[in-house]
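K.L.:
below are the sequence and a predicted model for it; my questions follow.
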Amino acid sequence: ANGEEEEVGGDGFSSQRLVVKLESKQQQQLSSKLKKIKPAPKAAPIGAANQAESSVVYLGRVPYGFFEEEMREYFTQFGVVRRLRLSRNKKTGKSKHYAFIEFEHPEVASIVAETHDKMLIADRAVSCALVPAHKIHPELFKGADKPFRKINWKAAAKKASKTKRTPQKEKARVKGLVKREQVKRKKLQEVGIELEFAGYEGLRDARQPKRKRLDAEEAE
């Protein structure tokens, strides 16, 4: 499990055993169906949402190490893969163990979904299903085929803490603190708890410079 936490790229899968169990009858049916597929027009639009049939497949319970590069290499043997997106954690880059694959032909997607559901890949039974065209979100493949760049959040936080805030940024920060505190105070008041200290709002008022009133003579 610790290895899963550390890896972000495609290393490590070669050391595992890729097991794809298809009976000889299933293999013959798969080959036969793939041969019957007619070539798609050159100007065919990308995206299953524009097609009468879906060409997008959902792959769940993806084993560790079966990343974008390995997926594309494996599924390309069935047909042209237009887009592929493995869902990853935005902060750490760790795989969320599910992916979406768009094929050029809807027929290929249908065959792959049918033959790969509950198939063993690296000793894990994956789940595979065809995604209905009307359920495909326009941004489903946002960021697809782009390598994940891991952000050093500790270094970013350290840099931010050392950076001097401008008066505008400090004002916005305090405003946010006051707003959140007001929400908490309101919730406490609803249950009969009244806070006696001024909090961030009192601190903000104390920091604000007092305006001097000019006498009539000074004004002249």
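P.N.:
Received, thanks.
K.L.:
send me stretch 196-203 as PDB with only the CA atoms.
P.N.:
Taking Å, rounded to 0.1, in the frame of the first residue of the first chain, the C-alpha atoms of stretch 196-203 are listed here in PDB:
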ATOM      1  CA  GLU A 196     -18.000  37.600  25.200                       C
ATOM      2  CA  PHE A 197     -14.700  38.300  23.400                       C
ATOM      3  CA  ALA A 198     -14.600  40.600  20.400                       C
ATOM      4  CA  GLY A 199     -12.900  38.100  18.100                       C
ATOM      5  CA  TYR A 200     -11.600  39.000  14.600                       C
ATOM      6  CA  GLU A 201     -14.200  41.700  14.200                       C
ATOM      7  CA  GLY A 202     -12.900  43.600  17.300                       C
ATOM      8  CA  LEU A 203      -9.300  43.100  16.100                       C
END
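K.L.:
for the chain, longest helix please?
P.N.:
For the chain, the helix reaching the highest residue count under DSSP state H is reported as helix 167-190.
K.L.:
pull out the buried positions in that one.
P.N.:
Buried residues in helix 167-190, counted by 16 or more other CB atoms under 10 Å: residue 178. For glycine as for every other residue, the C-beta is placed from the backbone atoms N, C-alpha and C.
K.L.:
adjust the sequence numbering to begin at 32 for everything that follows.
P.N.:
Yep, numbering from 32; the last one is helix 198-221 now.
K.L.:
and it, what other elements does it pack with?
P.N.:
helix 230-238 (3 or more CB pairs under 8 Å, 6 or more residues apart in numbering; DSSP states H and E).
K.L.:
what mean pLDDT does the helix it packs on get?
P.N.:
Taken as a whole, helix 230-238 has a mean pLDDT of 72.
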